[in-house]
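Colleague: sequence plus the predicted model coming up.
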Amino acid sequence: MTRIIVFSSGKGGVGKTTLVSNLAAALADFGEEVVAIDANVTTPNLGLHLGIHLAPNTLHDVLKGNVKLRNAIYPHPLGFKVVPASLNVNDLKSVDVGRLPEVTLNLLGKADFVILDCAAGLGKEASSALMAADEVIIVTNPDLPSLTDALKTLKIAQEAKKKVLGIVVNRVKGRKHELSKEEIEEFLGVPVIAEIPEDKHVSEAIAAKQPLVHYKPDSPAAREIRKLAAWLAGRKVEEEGGVLRKLLRKVTSWLS
Ligand SMILES: Nc1ncnc2c1ncn2[C@@H]1O[C@H](COP(=O)(O)OP(=O)(O)OP(=O)(O)O)[C@@H](O)[C@H]1O
Ligand SMILES: [Mg+2]
């Protein structure tokens, strides 16, 4: 069965693209077939995070009806697939984002997970990505502005009868003024399924155009993202810190 999951926020810059690129890699490590789609049509970043930003065919071409989806799916060296979006501003013309649900349906039965990186906000682009998915993960930071915007996204997802899997709180620094997991759960009425720490290696990995889970597999954020991937894949959370496992991960990251 193919699970189609969208990563939405309300506020921009909370970490959706970082999560999608890393979960694609982490789920692929677990042997899952994954297609990651850059459904952020106006300000796409997923290709940049993954080093697939010069692809000849993009989601824009598919949405315009010029290219079949199968010709805009690219294999990533880490074992998952990516549908990148175009970085060219001219490609925004005559793109019908409303076609996203119909396009995504083509992947049913062709992967275990289709994960969508969504645009921020509550506009047509974000709502089309939401409609294209069956399940929703809402990403927020532990502050009131992102939480308030997350609540709006949550309401829209619930009105659309989507299954909200939970909240990912990203960039947790453990500072006193931050909202706690309990406060976030109380405010949104939905469980927090992961708390990803602030980690300086995230921006280093983005600069290297590699998912953090491979770039720095033992970094604090990579560990938490892997736990989230394990939860999504219905696996027992792996034992972190085993010497052999650490060595294996190192060798994998050297080879990649
Ligand atoms: N856990 C983290 N620790 C440190 N920095 C992070 C973390 N997660 C994300 N960032 C930083 O936050 C920035 C925004 O992340 P990202 O692009 O993933 O957010 P986004 O929600 O996709 O943004 P947009 O709404 O613009 O698409 C990135 O530059 C990244 O370096
Ligand atoms: Mg993004």
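Modeller: Here it is on my side, so go on. Ligands and ions are numbered 1, 2, ... in the order given.
Colleague: residues making contact with stretch 9-21?
Modeller: Taking C-beta atoms under 8 Å, 6 or more residues apart in numbering as the criterion, the residues outside stretch 9-21 that touch it are 7-8, 36, 40, 45-46, 49-50, 115-118, 120-122, 137-141, 145-146, 148-153, 168, 170-171, 196, 202, 206, 211-212, 225, 228. Placement of C-beta: from N, CA and C, glycine included.
Colleague: those residues also near ligand 1: which ones?
Modeller: Subset of these in contact with ligand 1: 40, 45, 120, 170, 171, 196, 202, 206, counting by C-beta under 6 Å from any ligand atom.
Colleague: got the phi/psi numbers for the first one?
Modeller: Listed backbone geometry of residue 40 is phi -90, psi 90, with angles given as degrees, to the nearest 10.
Colleague: ok, residue 76 to ligand 1 distance?
Modeller: From residue 76 across to ligand 1, the span is 17 Å (C-beta to the nearest ligand atom, to the nearest Å).
Colleague: how about residue 54, secondary structure?
Modeller: Under DSSP: H, G, I helix; E, B strand; the rest coil, residue 54 falls in the coil class.
Colleague: same deal with residue 166?
Modeller: strand.
Colleague: just the element for the closest residue to it other than its chain neighbours, please.
Modeller: Nearest residue to residue 166, sequence neighbours excluded (C-beta to C-beta, 6 or more residues apart in numbering): residue 193, at 3.5 Å. Assigned by DSSP states H and E, residue 193 belongs to strand 192-197.
Colleague: helices and strands around the next helix or strand after that strand, which ones?
Modeller: Sequence order places helix 201-207 as the next helix or strand after strand 192-197, per DSSP H and E. Helix 201-207 sits against helix 212-215, helix 220-232, with contacts defined as 3 or more C-beta pairs under 8 Å, 6 or more residues apart in numbering; DSSP states H and E.
Colleague: thinking again about what came up before, and the ones next to ligand 1 among the contacts of stretch 9-21 as TSV, adding distance to residue 236, pLDDT and neighbour count?
Modeller: Shown next, in TSV, are these (distance: C-beta to C-beta, whole Å; pLDDT from 0 to 100; neighbours: other C-beta atoms under 10 Å):
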residue	distance to residue 236	pLDDT	neighbour count
40	33	93	23
45	32	94	19
120	34	95	22
170	24	98	26
171	27	98	22
196	20	98	26
202	26	98	24
206	30	98	19
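Colleague: which bits of this structure sit near ligand 2?
Modeller: Within the chain, the positions adjacent to ligand 2 are 16, 17, 45 by C-beta under 5 Å from the ion.
Colleague: and the residue nearest to residue 166, how many neighbours?
Modeller: 16 (other C-beta atoms under 10 Å).
Colleague: what's the pLDDT at it?
Modeller: What the model reports as pLDDT for residue 193 is 98.
Colleague: in contact with it, which residues?
Modeller: Residue 193 touches 137, 165, 166, 167, 168, 228, 231, counting by C-beta under 8 Å, 6+ apart.
Colleague: quick check: the residue of the stretch 1-150 of the chain found nearest ligand 2 vs residue 184, distance?
Modeller: Nearest residue of the stretch 1-150 of the chain to ligand 2 (C-beta to the ion) works out as residue 17 at 3.3 Å. For residue 17, the distance to residue 184 equals 21 Å [C-beta to C-beta, to the nearest Å].
Colleague: equivalent analysis for residue 131, please.
Modeller: Applying C-beta to C-beta to residue 131 and residue 184 gives a distance of 25 Å.
Colleague: so between these two, which is more surrounded?
Modeller: residue 184 (21 against 17).
Colleague: please work out how many residues are found near residue 12.
Modeller: By other C-beta under 10 Å, 13 other residues sit near residue 12.
Colleague: please disregard the earlier target; I meant residue 228.
Modeller: Here the number of neighbours of residue 228 (other C-beta under 10 Å) works out to 22.
Colleague: isn't it right next to residue 194, touching?
Modeller: Yes. At 4.2 Å, residue 228 counts as touching residue 194 under the criterion of C-beta atoms under 8 Å.
Colleague: and residue 102, backbone torsions?
Modeller: Dihedral pair for residue 102: phi -70, psi -40, per degrees, to the nearest 10.
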